[in-house]
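>>> give the three-dimensional model of this entry:
(one chain, ligands or ions: 1)
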Amino acid sequence: MATAGPGHLTPDRIREARKDVQRFLLHYEFGLREIGTKIEILRDEFLELHDYNPIEHVTSRVKSPESLLDKVARKGIGRDLDSIREAVTDIAGVRVTCSFTSDVYRLFNLLTQQDDIAVRSVKDYIANPKPNGYTSLHAVVEVPVFLSSGPVSVPVEVQFRTIAMDFWASLEHKIHYKYAGDVPERLTEELRSAADTAAALDSQMARLHREIHGDPAS
Ligand code: 0O2
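Below you'll find the predicted structure:
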């Protein structure tokens, strides 16, 4: 009877590989929970101290295996879990949508200055918007997760943005997806102009808010 060689797939090996992937993704799920708790604590304390909630909503996701494999193929990353762990930093993602741009930076500072958080990279697309008009503040942070086998450091990409930035990004994402990246020039132009309008709205709302309430955290 033929025995399975080292590269052959057998039901046992497939089961083993599936378990490895599940365990790999579970660490990112734990990382999300740690960051989620930190953000909830900041929000609740802020509300208690200043009677003001700087966060509109928070969403989070672990990248699906399909989307992860797409990215790995697109970027020419090795398909083994060690290479993926090293090269893909947005497997765990949290999006924090704030009321005002000042809250975006305030939350970013409060989170990234915590002692157990290590900042791996920051991209400030608010100070430097992407050519298509995209704005948001991105930070890849490492958070410790304490497993029964000891601590592991889990990277989480945190995107901070205002409601207007979020509105723009979700529409742009739909348009990008609909046209498979080949967006007609007219729509590209309109999106750029909509991004300017969103930025102007953010400034105007912040000005009005200051006029009525002052700076709630000052
Ligand atoms: P999803 O489905 O949201 O996860 P990367 O490709 O991530 O390795 P990159 O592009 O330098 O490297 O990272 P960057 O600029 O930090 O962007 C990562 C994420 O930001 C994207 O994740 C989007 O969520 C968001 N983003 C960046 N640019 C744009 C944009 O032009 N429009 C919109 N709508 N979102 C943007 P993913 O993996 O692309 O998608």
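
>>> quick one: buried residues of the longest helix along the chain?
Using DSSP state H, we find that the single longest helix of the chain is helix 11-50. By 16 or more other C-beta atoms under 10 Å, the buried positions in helix 11-50 come out as 24-25, 27-32, 34-36, 38-39, 42-43, 46. Quick note: C-beta positions are derived from backbone N, CA and C, even for glycine.

>>> and if you look at stretch 127-137?
Across stretch 127-137, burial judged by 16+ other C-beta under 10 Å covers 129, 133, 134, 135, 136, 137.

>>> quick one: contacts for the first one?
Contacts for residue 129 were tallied using C-beta atoms under 8 Å, 6 or more residues apart in numbering; they are 135, 195.

>>> mind checking how far it is from residue 169?
11 Å (C-beta to C-beta, to the nearest Å).

>>> mind checking pLDDT for the residue nearest to residue 161 when sequence neighbours are not counted?
Spatial nearest neighbour of residue 161, excluding adjacent residues (C-beta to C-beta, 6 or more residues apart in numbering): residue 136 at 4.2 Å. Looking at residue 136, its pLDDT is 98.

>>> residue 136 and the ligand: what is the separation?
Applying C-beta to the nearest ligand atom, to the nearest Å, the value for residue 136 to the ligand is 7 Å.

>>> I'd say that residue and residue 126 touch.
Yes. Under the criterion of C-beta atoms under 8 Å, residue 136 lies in contact with residue 126, with a separation of 6.8 Å.

>>> joint contacts of those two?
161, 165.

>>> write out the residues of this protein neighbouring the ligand.
90, 93, 123, 130, 132, 134, 138, 169, 172, 173 (C-beta under 6 Å from any ligand atom).

>>> go again with 5 Å.
Residues of the chain lying near the ligand by C-beta under 5 Å from any ligand atom: 123, 134, 138, 169, 172, 173.

>>> host element of residue 60?
strand 55-62 (DSSP states H and E).

>>> could the buried residues of stretch 127-137 go into TSV alongside secondary structure?
Listed next are those as TSV, based on DSSP: H, G, I helix; E, B strand; the rest coil:
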residue	secondary structure
129	coil
133	coil
134	coil
135	coil
136	coil
137	strand
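
>>> how far off strand 55-62 does the lengthiest strand in the chain point, in degrees?
What stands out as the longest strand in the chain, according to DSSP state E, is strand 150-162. Interaxial angle, strand 150-162 versus strand 55-62 (axes from the mean of the first three to the mean of the last three C-alpha atoms, to 10 degrees): 130 degrees.

>>> for strand 150-162, packing partners?
helix 11-50, strand 92-98, helix 101-112, strand 137-147 (3 or more C-beta pairs under 8 Å, 6 or more residues apart in numbering; DSSP states H and E).
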